[in-house]
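Asker: Only the shape, not the letters, is given here:
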């Protein structure tokens, strides 16, 4: 069975590119654009990993991450925050498992996803 990835971003262009790239890599992908949809989507889709925009039109991604990590049924799911509002010098926000700095390239996206789903990836 393919690994499932849930993506939440309110930027439609980013959502489309990330969804297409992950689907091409044989991940099963569900994308949503509203923070208010997150818990229902997690409950129904049961993702192996969540990619979550930090700044959303209707919610704060950091708050959503904290909510997920406070829920026993979901706390094991790795949450990667995408953000243009943090730099590599900032501490990791809000209990997330990783951060992907916008703008990012597809190689960085895939490396980050694979690292959190499968552990260290070797380039040999």
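Answerer: Cool, got the structure. Keep in mind that what you see is a predicted model, and the values were worked out from it rather than measured.
Asker: how many other residues sit next to residue 100?
Answerer: The number of residues packed near residue 100 is 20, by other Cβ atoms under 10 Å. All C-beta spots, glycine's among them, are computed from the backbone N, C-alpha and C.
Asker: tell me which residues in the lowest-mean-pLDDT helix or strand in the chain are buried?
Answerer: Least confident helix or strand, the chain: strand 98-101 with a mean of 89, by mean pLDDT, DSSP states H and E. Neighbour-count burial for strand 98-101, counted by 16 or more other Cβ atoms under 10 Å, picks out 98, 99, 100.
Asker: a markdown table for the residues you listed, including distance to residue 71?
Answerer: As requested, these are arranged in a markdown table below (distance: Cβ to Cβ, whole Å):
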| residue | distance to residue 71 |
| --- | --- |
| 98 | 19 |
| 99 | 21 |
| 100 | 23 |
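Asker: ok, these vs residue 24, which is closest?
Answerer: Of all those, the one sitting nearest residue 24 is residue 100; the distance, using Cβ to Cβ, is 17.6 Å.
Asker: Name the secondary structure element that contains the spatially closest residue to residue 99 that is not a sequence neighbour.
Answerer: By the measure of Cβ to Cβ, 6 or more residues apart in numbering, the closest residue to residue 99 outside its immediate chain neighbours is residue 81, 5.0 Å from it. Using DSSP states H and E, residue 81 sits in strand 79-83.
Asker: Quickly run through the sheet partners of that strand, with directions.
Answerer: Paired with strand 79-83 in the same sheet, following DSSP bridges, are strand 49-53 (parallel), strand 98-101 (parallel).
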